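[1] Fold the following for me, if possible:
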Amino acid sequence: MNHIKNYIQENKDRFITELIDLLKIPSISADKAYSNDVVKTAEEVKKRLIEAGAENVEVCATAGHPIVYADKIIDTNLPTVLVYGHYDVQPADPIDLWDSPPFEPVIKKTALHPDGAIFARGACDDKGQMYMHVKAFELMMKTNTLPCNVKFMIEGEEEVGSENLGTFVKQNKAKLKADVIVISDTGIIANDVPSITTGLRGLSYLEVEVTGPNRDLHSGLYGGAVANPINTLAKMIASLTDENNHITIPGFYDKVEELSATERAEMAKAPISDETYIKSLDINAVQGEKGYSSLERVSIRPTLDVNGIWGGYIGEGAKTVLPSKAFAKISMRLVPHQISDEITELFTKHFENIAPKSVKVKVTPHHGGTPYVTPIDFNGYVAAKKAMEETFGKSPIPVRSGGSIPIVALFEQELGLKSVLMGFGLDSDAIHSPNEHYGIFNYLKGIETIPLFFKYFAELK
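    Residues are numbered from 1 along each chain as shown. Here you go, the predicted model:
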């Protein structure tokens, strides 16, 4: 343990500087304008892996953005850990809500991060957390303490649904053969309350289009006689949930897993209250499905949310237009045993059924994912638990996350491997939002914990 802390202490300034350099590259996978930056980031990750001591390092082309692969096989008789992460980031919009430019990283001290936090797009999701593994690997190599084999698969399309990762995995099963997958794209409850994510919600993400007249109209000459697509879309969306915030799509809850009273009681032990949300988000009250706590609403219950809505005139000043079209992006977070394609089909059928005859509707699916639950009795989880106990000084709490990492279920299906979701971010890190950040404490704590995970997994295996 001393060699780990000593190496981090001696190199922490470099670790931070290297991450900042990586964060300066706007690797936005959703926008083709940044395609060159995505490739540049992949090359930078490749460079850092080589410097750390990895072998067979390559930037693998896909039909979309590339995947970085690397490995270090010290003994084929030893177990192998496959590290997954992603180097692509979300768009930075809305830019004007950032306190500092999203791709000009700055370190600021905050109440939650007295040691400072790096503010930049991708700081926590997932460049900072992915890079912890690169530096932890470097630490093990430089101190000659790598206890087992390691492989890296770092992709550039996670933020757009990992569109080509499935093909890559299917085509490279031998190359990716391992005993466990470790992923740091989740978080902990607090810096003094460690936790390990044991469940992820699935996802159905789609776009809807409502069309009225064949062109934009004068709202004075036509308003009242012709359907307004924005008004209609707003009413349709409002009808998708009832007064108890229960989703009204027929069949939506048919396969939802209901947890036992005992399991719900265990979840309730996590030190998270409604006041936590109210204070940190500056809201007056929480809201959600009746009969469930806020923690349950964001983890074990499915949801439906509008992620964006637009149409008509949104420029400065007034323009009395009755728009021809209105659009919305809608996501549904799913729980075991809901199936993404089935939910998408149920939504599409229902949305078409509730549309009035005065408009036409179109539903376009984007991407989805399968819910996932990690067992807490397999060696990977036990190793992560022991590692966190050593670095945090207390046992981590198993928690289910409200987020989705669709490829986790894919890994189990195609590679037959369980994943350990050992992240170090905080809910307050503003991922996908303006002013995203990642604590220096969390970054270094991850680098400290990961080598111990390798140590204990090698021993348990």
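[2] what element comes up after the one helix or strand in the chain whose mean pLDDT sits lowest heading to the C-terminus?
    Ranked by mean pLDDT, DSSP states H and E, the weakest helix or strand in the chain is helix 261-267, scoring a mean of 81. Sequence-wise, the next helix or strand downstream of helix 261-267 (DSSP states H and E) is helix 274-281.
[3] All the helices of the stretch 1-150 of the chain, residue numbers only.
    2-23, 35-52, 129-142 (DSSP state H, counting those that start in this stretch).
[4] Let me know which of those helices is tucked in deepest.
    Compared across those, helix 129-142 shows the largest average neighbour count, a mean of 24 (mean count of other C-beta atoms under 10 Å). C-beta: built from backbone N, CA, C; applies to glycine.
[5] rewinding a little: quick one: contacts of the least confident helix or strand of the chain?
    259, 295-296, 299-300, 399-400 (C-beta atoms under 8 Å, 6 or more residues apart in numbering).
[6] Just to check, Glu155 is in contact with Asp88?
    Yes: taking contacts as C-beta atoms under 8 Å, Glu155 lies within contact range of Asp88: 7.4 Å.
[7] Give the intersection of the neighbour lists for these two.
    Joint contacts of Glu155 and Asp88 (C-beta under 8 Å, 6+ apart) are His65.
[8] Report the distance from the least confident helix or strand of the chain to the chain centre.
    25 Å (C-alpha atoms, centre = their mean, to the nearest Å).
[9] Measure how buried Leu97 is and give me the count.
    Per other C-beta atoms under 10 Å, the neighbour tally for Leu97 reads 11.
[10] So it is in contact with Pro434, correct?
    Yes: between Leu97 and Pro434 there is a contact under C-beta under 8 Å: 3.8 Å.
[11] tell me the contacts of Lys255?
    Lys255 sits in contact with 337-339, 342, where contact means C-beta under 8 Å, 6+ apart.
[12] In TSV: those, plus neighbour count and distance to Tyr34.
    Shown next, in TSV, are those (neighbours: other C-beta atoms under 10 Å; distance: C-beta to C-beta, whole Å):
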residue	neighbour count	distance to Tyr34
His337	13	37
Gln338	23	33
Ile339	15	33
Glu342	16	34
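[13] got any ranges where the chain has weak pLDDT?
    For the chain, no stretch is flagged by pLDDT under 70.
[14] Domain map for it?
    Structural domains assigned to the chain are 2-200+371-460, 202-256+302-369, following automatic domain parsing.
[15] can you give me the end-to-end distance of the shortest one?
    Using C-alpha to C-alpha, to the nearest Å, the gap from the first to the last residue of domain 202-256+302-369 comes to 5 Å.
[16] Equivalent analysis for the first one, please.
    Looking at domain 2-200+371-460, the gap from its leading to its trailing residue is 22 Å under the measure C-alpha to C-alpha.
[17] Dump the domains of the chain to a markdown table, plus distance to Ala268.
    As requested, the domains of the chain are arranged in a markdown table below (distance: least, C-beta to C-beta, whole Å):
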| stretch | distance to Ala268 |
| --- | --- |
| domain 2-200+371-460 | 11 |
| domain 202-256+302-369 | 18 |
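[18] among the ones you listed, which is the most enclosed?
    When the domains of the chain are compared using mean count of other C-beta under 10 Å, domain 2-200+371-460 is most buried, at a mean of 20.
[19] for that domain, the distance to its chain's centre please.
    11 Å.
[20] Looking at the contacts of Lys255, which are in helices?
    The members of those that map onto helices under DSSP state H are Glu342.
[21] Just confirm Glu352 is within a helix.
    Yes: according to DSSP: H, G, I helix; E, B strand; the rest coil, Glu352 belongs to a helix.
[22] list the contacts for the residue lying closest to it once chain neighbours are set aside?
    Ranked by C-beta to C-beta, 6 or more residues apart in numbering and with sequence neighbours excluded, the top spatial neighbour of Glu352 is Val361, at 5.8 Å. By C-beta under 8 Å, 6+ apart, the residues touching Val361 are 208-211, 351-352, 355.
[23] any chance of the residues you listed in JSON lines, with distance to Thr198 and secondary structure too?
    What follows is the contacts of Val361, written out as JSON lines (distance: C-beta to C-beta, whole Å; DSSP: H, G, I helix; E, B strand; the rest coil):
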{"residue": "Val208", "distance to Thr198": "33", "secondary structure": "strand"}
{"residue": "Glu209", "distance to Thr198": "38", "secondary structure": "strand"}
{"residue": "Val210", "distance to Thr198": "40", "secondary structure": "strand"}
{"residue": "Thr211", "distance to Thr198": "44", "secondary structure": "strand"}
{"residue": "Phe351", "distance to Thr198": "33", "secondary structure": "helix"}
{"residue": "Glu352", "distance to Thr198": "37", "secondary structure": "helix"}
{"residue": "Ala355", "distance to Thr198": "40", "secondary structure": "coil"}
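[24] For Lys175, state which of the residues you listed is nearest.
    Val208 (40.0 Å; C-beta to C-beta).
[25] In terms of helices and strands, where is the residue located most distally from the centre of the chain?
    Distance from the C-alpha centroid of the chain, by C-alpha atoms, centre = their mean, peaks at Leu221 (47.3 Å). Secondary structure assignment for Leu221, by DSSP H and E: helix 219-222.
[26] residues in contact with that helix?
    Helix 219-222 is contacted by residues 213, 228, 320-322 when judged by C-beta under 8 Å, 6+ apart.
[27] among those residues, which two are most distant?
    Pro213 and Thr320 (14.7 Å).
[28] Report the contact partners of Asp274.
    285-286, 293-294.
[29] Now, these that are in helices?
    Counting by DSSP H, the contacts of Asp274 contribute Ser294 to helices.
[30] Distance to Thr449 and neighbour count added to the contacts of Asp274, as JSON lines?
    As requested, the contacts of Asp274 are arranged in JSON lines below (distance: C-beta to C-beta, whole Å; neighbours: other C-beta atoms under 10 Å):
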{"residue": "Ala285", "distance to Thr449": "37", "neighbour count": "7"}
{"residue": "Val286", "distance to Thr449": "32", "neighbour count": "15"}
{"residue": "Ser293", "distance to Thr449": "29", "neighbour count": "18"}
{"residue": "Ser294", "distance to Thr449": "28", "neighbour count": "17"}
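[31] Quick check: end-to-end length of stretch 187-196?
    Per C-alpha to C-alpha, stretch 187-196 runs 8 Å from first to last residue.
[32] from the contacts of Val361, which single one is nearest Pro451?
    Val208 (47.5 Å).
[33] who's Leu322 bridged to?
    Leu217 (DSSP bridges).
[34] That one against Arg215, yeah?
    No: the pair Leu322 / Arg215 is not scored as a contact, 9.8 Å apart, by C-beta under 8 Å.
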